[in-house]
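Trainee: only geometry, no sequence info:
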């Protein structure tokens, strides 16, 4: 099995546990309010067409749809999307807004040039083999004045030490080829965004997320780390 199908297969099998870790009952209400506020501050105030790349089980896409935006989430893992769709179906059944989801490559999503108001991603930029090329493609999808909003962290400053064996099997062969994965700060991500042609680049440390993780415990397999929101415009 080649590398990308192996990674997609890992996330498909991991999807139920990943989703449970993102939606722990003891903190979900607080998390939903916190992340809704984070995305609200990053995105346009008026209803907009938003693309969530590497949507996973739809965490960001569902919350952003709840803010009144027209959201599509794209992911290459069928298992992740299956759970995301279940969440969307439940939201619609309850009369709440929900995103649509599509199987696709986050690096080169199937959308027309200049067709979007905003592109968001959460915990995705570290996975990019050619971050500047991917970010340039995303910039092309945006209308003039469109918004990029990226959330990520420095997850692997110690390499894969302490990571679950299945994760090591999936990412060990490629980690050295992911320029942002081993970064010790968010600055290489910021530099890639600028090099891709974005302007008005702004970084906000998400201290509220760190404090919540310290209070409740981070998702299984992780420890509390400072996460960062990077916003930019075309």
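Mentor: On my side now, so go ahead. Since the structure is predicted, the reported quantities are computational estimates derived from the model, not experimental observations.

Trainee: centre of the chain to stretch 119-127, how far?
Mentor: In this view, stretch 119-127 has its centroid 4 Å away from the chain centroid, taken as C-alpha atoms, centre = their mean, to the nearest Å.

Trainee: next: stretch 182-194.
Mentor: Its chain's C-alpha centre and that of stretch 182-194 lie 16 Å apart, by C-alpha atoms, centre = their mean.

Trainee: flag every buried residue along the top helix by length along the chain.
Mentor: Scanning the chain for the helix with the most residues, using DSSP state H, yields helix 3-22. Residues of helix 3-22 classed as buried by neighbour count (16 or more other C-beta atoms under 10 Å): 7, 8, 10, 11, 12, 14, 15, 18, 19. For glycine as for every other residue, the C-beta is placed from the backbone atoms N, C-alpha and C.

Trainee: for it, packing partners?
Mentor: Helix 3-22 is packed against helix 78-93, helix 165-171, with contacts defined by 3 or more C-beta pairs under 8 Å, 6 or more residues apart in numbering; DSSP states H and E.

Trainee: and with 10 Å instead?
Mentor: Counting contacts by 3 or more C-beta pairs under 10 Å, 6 or more residues apart in numbering; DSSP states H and E, helix 3-22 packs against helix 28-42, helix 59-66, strand 70-75, helix 78-93, helix 165-171.

Trainee: possible to save these as a markdown table with mean neighbour count and distance to residue 196?
Mentor: As requested, the helices and strands packed on helix 3-22 are exported to a markdown table (neighbours: other C-beta atoms under 10 Å; distance: least, C-beta to C-beta, whole Å):
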| stretch | mean neighbour count | distance to residue 196 |
| --- | --- | --- |
| helix 28-42 | 16 | 18 |
| helix 59-66 | 25 | 20 |
| strand 70-75 | 24 | 18 |
| helix 78-93 | 17 | 25 |
| helix 165-171 | 15 | 24 |
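
Trainee: give me the contacts around the longest helix of the chain.
Mentor: Residues from elsewhere that reach helix 3-22 (C-beta atoms under 10 Å, 6 or more residues apart in numbering): 1, 28, 31, 35, 54, 56-59, 75-84, 86-87, 103, 105, 127, 129, 164, 166-167, 169-171, 173-174, 177, 218-222.

Trainee: circling back to that earlier point, export the helices and strands packed on helix 3-22 to TSV and tack on mean pLDDT?
Mentor: TSV is the format used below for the helices and strands packed on helix 3-22 (pLDDT from 0 to 100):
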stretch	mean pLDDT
helix 28-42	97
helix 59-66	99
strand 70-75	98
helix 78-93	98
helix 165-171	88
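
Trainee: what's the burial count for the residue lying closest to residue 54 once chain neighbours are set aside?
Mentor: For residue 54, ignoring the flanking residues on the chain, the nearest one in space by C-beta to C-beta, 6 or more residues apart in numbering is residue 124 at 3.6 Å. For residue 124, the neighbour count with other C-beta atoms under 10 Å is 21.
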